[in-house]
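need a structure here:
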Amino acid sequence: MYQSIRNFPQQFLETWNLVSRHPGLAPWKKSPESRIYYAAMGGSSLPADLLNDYWDGAPRLEVVRDYRLPKSAGPQDLLIAASFSGNTEETLAAFEDGLERGCRSVAMSNAGALRKLAEQKGVPWIAIPDCIQPRSAAGYFFAAVLTCLHRLEVLPSPLSTLEKLTSFLVTIQEEAEAQGKKLAEALQGFVPIVYGPTEFYAVCRIWKIKFNENAKIQSFFNVLPELNHNEMVGFTKLLMKPALLMLESRFMNPRLRRRMDVMQELLEGEMPVHRLRFKG
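Predicted coordinates:
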């Protein structure tokens with residue numbers, strides 16, 4: 001797992017090279033009513049949330065973490081079904097549902113039943129490279145979806161972005177590892193509660209999932225300013241030992257930073273509060 005984390009920056013361009021040359025990805029003729037559905041569960045679903053936060057204002061992916069697509073789905077829509085194992089039952093069911101409704105479809109997996117079904121139905125299948133765990137393949141899936149949408153002529157070429165991202169991640173690895181180890185020591189015995197601005201929804205969610213799946217502990221997340229209107233009141237009567245992780249960006253609304261300041265002033269006597277400013 002450690003080596004997988006260290007190799008993470010290489011995932012983006014490796015997948016670009018695979019998908020950009022895929023022979024089965026012809027342009028998609030979408031209409032104003034068209035929607036893009038992304039059917040996936042667990043680690044395979046995370047890249048869609050990241051893409052929605054990153055491509056602000058661009059066509060959004062409607063993430064389907066269920067057995068069926070919304071009732072309105074039909075031939076006018078695009079369906080991307082993603083499962084690292086290729087055997088996730090909810091994703092397979094949603095994929096079959098989309099095929100029955102006539103959706104333009106693409107499948108992504110390492111292998112499994114999803115690949116076989118896609119090949120049987122003549123649907124393009126994108127191979128996700130081997131990885132130790134689905135949750136460790138986020139870079140593969142992120143670049144695969146981004147490059148697929150480029151090949152379908154939904155988005156411009158992401159190559160420059162992926163190159164910059166790869167270089168940036170390599171540059172910060174040592175610093176990030178040192179910060180992570182320090183934070184891990186400070187969180188011993190606490191339940192991490194991850195908070196951030198709305199544009200960090202996906203990032204906060206992923207942090208929470210990493211605590212659940214890698215550290216095998218409880219963890220929860222939410223975003224500001226909504227949590228100040230309800231969840232924050234729940235700290236009046238503590239039933240566990242929480243530690244707040246506030247994820248910040250220099251691009252976020254200054255009012256949110258002020259909200260974080262006030263929360264820290266109110267709560268740091270009751271629980272640890274860690275402020276984490278991201279680069280890039």
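
which strands and helices sit next to the longest helix seen in the chain?
The helix that spans the most residues within the chain, counting by DSSP state H, is helix 159-186. Taking 3 or more CB pairs under 8 Å, 6 or more residues apart in numbering; DSSP states H and E as the contact definition, the neighbouring helices and strands of helix 159-186 are helix 11-19, helix 138-151, strand 273-277. (C-beta placed from N, C-alpha, C; glycine too.)

ok, now which ones touch Cys148?
Going by CB atoms under 8 Å, 6 or more residues apart in numbering, Cys148 touches Val19, His22, Leu25, Ile80, Val106, Met108, Ile126.

please name the nearest non-neighbouring residue to Ser44.
The shortest distance from Ser44 to any residue other than its chain neighbours is 4.6 Å, reached at Ala82 (CB to CB, 6 or more residues apart in numbering).

swap that for Gln264, please
Once its chain neighbours are removed from consideration, Gln264 has its nearest residue in Val273; the separation is 4.8 Å (CB to CB, 6+ apart).

ok, the one you found - contacts?
Ala243, Leu244, Met246, Met263, Gln264, Leu267 are the contacts of Val273 under CB under 8 Å, 6+ apart.

using ChimeraX, make a named selection holding only the buried ones among the residues you listed.
Typed into ChimeraX, the next command selects the buried ones out of the contacts of Val273 (criterion: 16 or more other CB atoms under 10 Å):
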select :243,244,246,263
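
state the distance from the residue nearest to Val123 when sequence neighbours are not counted to Gly122.
With CB to CB, 6+ apart as the criterion, Val123 has its nearest non-adjacent residue at 4.8 Å, and that residue is Ser105. Using CB to CB, to the nearest Å, one gets 10 Å for the distance from Ser105 to Gly122.

neighbour count: those two, which is higher?
Neighbours per residue, other CB atoms under 10 Å: of Ser105 and Gly122, the larger number sits with Ser105, 21 against 8.

element containing the more buried one?
According to DSSP states H and E, Ser105 maps onto strand 104-109.

any buried residues in the lowest-mean-pLDDT helix or strand in the chain, and which?
Sorting the helices and strands of the chain by mean pLDDT, DSSP states H and E puts helix 46-54 at the bottom, at a mean of 88. Residues Leu46, Pro47, Ala48, Asp49, Leu50, Leu51, Asn52, Asp53 are the ones in helix 46-54 that count as buried (16+ other CB under 10 Å).
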